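Asks: following is a predicted model, sequence given first.
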Amino acid sequence: GAVVSQHPSRVICKSGTSVKIECRSLDFQATTMFWYRQFPKQSLMLMATSNEGSKATYEQGVEKDKFLINHASLTLSTLTVTSAHPEDSSFYICSARGQGTSPLHFGNGTRLTVT
Amino acid sequence: QKEVEQNSGPLSVPEGAIASLNCTYSDRGSQSFFWYRQYSGKSPELIMFIYSNGDKEDGRFTAQLNKASQYVSLLIRDSQPSDSATYLCAVRSGNTPLVFGKGTRLSVIA
């Protein structure tokens, strides 16, 4: 089945630093990748949609200058949390989809803790 | 605004019973329907998807879709304690992002 690899799985950083999270589709070409955030006991919240080679589309309320998304190839998207603050501590999950109506597959998630 | 509604639960069923998880959606143009399972602290895992009205079976899982009633369900037969998780219903129309429900927490009691 389709595999999406996300790295790192866990990161602890100090307030004010930046963190980069990578998301790779291992056995298919992901024309579209999505980044979600999930706080404890809350539902998945879509942050942004990225299509290979074009700018990401951010959901309302998500700061594009704080959450930088790059989707430079059909197998790799990155999310950089810039100048992280404790309130950015959350579970970040990427997902990828091939063409057409193919299902969405999720990476294993990155638990970010900002101290 | 497109909405996907699920009962948050918890839904408790005894081991071996059938668990029935329900989901309604507001967008009549929805074309693709998905069920994901999410264990605590983990990312969602795709269980089933269904595109056409009727039933779709895969092992112990059956997805049911009724587009006229805007209703999709997931049945889990012979429920096991390992099925205890949060089940997310997700709906998509065309090429738009998935819209997720808030999930139903299932507890299978041994």
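Replies: Structure's in. What do you need? These numbers were taken from a predicted model, which means no experiment stands behind them.
Asks: how about the strands in chain A?
Replies: A:4-7, A:10-13, A:19-25, A:32-38, A:45-51, A:57-58, A:67-73, A:76-81, A:90-97, A:105-106, A:110-114 (DSSP state E).
Asks: name every strand pairing with the third one and say which way it goes.
Replies: Here the strand partners of strand A:19-25, with direction, are listed using DSSP bridges: strand A:4-7 (antiparallel), strand A:76-81 (antiparallel).
Asks: include distance to residue B:55 when you put these into TSV, please.
Replies: All C-beta atoms are positioned from the backbone trio N, CA, C, and that covers glycine. Output for the strands paired with strand A:19-25, formatted as TSV (distance: least, C-beta to C-beta, whole Å):
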stretch	distance to residue B:55
strand A:4-7	29
strand A:76-81	35
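Asks: can you tell me which of these is packed in deepest?
Replies: The highest average neighbour count among those, using mean count of other C-beta atoms under 10 Å in any protein chain shown, belongs to strand A:76-81 at a mean of 22.
Asks: as a whole number, average confidence for it?
Replies: Taken as a whole, strand A:76-81 has a mean pLDDT of 95.
Asks: contact residues of chain B facing chain A?
Replies: Contact residues, chain B versus chain A (C-beta under 8 Å from any C-beta of the partner chain): B:31-32, B:34, B:36, B:41-46, B:49, B:51, B:88, B:90, B:92, B:95, B:97-98, B:100-103.
Asks: so what does the helix or strand bottoming out on mean pLDDT in chain B touch, helix or strand wise?
Replies: Within chain B, no helix or strand scores below strand B:99-100, which has a mean of 90 by mean pLDDT, DSSP states H and E. If contacts are counted by 3 or more C-beta pairs under 8 Å, 6 or more residues apart in numbering or on different chains; DSSP states H and E, strand B:99-100 sits against strand B:85-92.
Asks: got the angle for the strand it packs on vs strand A:90-97?
Replies: Relative orientation of strand B:85-92 and strand A:90-97, computed by axes from the mean of the first three to the mean of the last three C-alpha atoms, to 10 degrees: 50 degrees.
Asks: so what touches strand B:85-92?
Replies: Residues outside strand B:85-92 that contact it (C-beta atoms under 8 Å, 6 or more residues apart in numbering or on different chains): A:43-44, A:101, A:104, B:2, B:4, B:6, B:21, B:23, B:25, B:27, B:30-40, B:44, B:47, B:72, B:74, B:98-101, B:103-106.
Asks: in strands, which of the residues you listed fall?
Replies: Cross-referencing the contacts of strand B:85-92 against strands under DSSP E gives B:4, B:21, B:23, B:25, B:32-38, B:47, B:72, B:74, B:99-100, B:104-106.
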